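>>> need the 3D shape of this:
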Amino acid sequence: QVQLVESGGGSVQTGGSLRLSCAASGYTSGTYAMGWFRQAPGKEREEVADTGTAGCRIVFADSVKGRFTISQDDAKNTLYLQMNSLEPEDTAMYYCGARAYCGGPVRYWGQGTQVTVSS
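Next comes the predicted model:
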């Protein structure tokens, strides 16, 4: 059974940093194409980053390029999203998702972790 558990969210001021984690279980690292997503109140869920797992390309949304980076620990089957220079517009629930193939629909979602950036 695939499980994704996000953590690391919190409240920071503008310009602050947070590192989110997505701990995955139930499958071997590299099996799924993993992505980071976020959903702000009243808005649709958007993809923040394609992590480049399972042979996919690393892609960042324009809104976070140069501020967010990704990394992974294959031994722990854990993905990370390092978020720097945070802005109030980054306030959202952040999720990791697992796709069966690059660009495909997300098959598994985590429960999310809240990020709040105050000005």
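>>> okay, and the beta partners of the spatially most central residue of the chain?
For the chain, residue 36 is the residue whose C-alpha lies nearest the centre (C-alpha atoms, centre = their mean; 2.6 Å). Residue 36 has these beta-bridge partners by DSSP bridges: residue 49, residue 96.
>>> report the contact partners of it.
Listed by C-beta atoms under 8 Å, 6 or more residues apart in numbering, the contact partners of residue 36 are 20, 22, 47-49, 51, 70, 79, 81, 94-97. For every residue, glycine as well, the C-beta is placed using N, CA and C.
>>> go again using 10 Å as the cut-off
Under the criterion of C-beta atoms under 10 Å, 6 or more residues apart in numbering, the neighbours of residue 36 are 6, 20, 22, 47-51, 60-61, 64, 68, 70, 79-81, 83, 94-97, 110.
>>> do residue 78 as well
Counting by C-beta under 10 Å, 6+ apart, residue 78 touches 5, 7, 21, 22, 23, 24, 25, 29, 71, 72, 96.
>>> pipe those residues into CSV and attach secondary structure, distance to residue 14 and neighbour count per row.
Output for the contacts of residue 78, formatted as CSV (DSSP: H, G, I helix; E, B strand; the rest coil; distance: C-beta to C-beta, whole Å; neighbours: other C-beta atoms under 10 Å):
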residue, secondary structure, distance to residue 14, neighbour count
5, strand, 28, 15
7, strand, 22, 14
21, strand, 23, 17
22, strand, 25, 26
23, strand, 28, 16
24, strand, 31, 24
25, strand, 35, 11
29, coil, 35, 17
71, strand, 24, 11
72, strand, 28, 18
96, strand, 24, 30
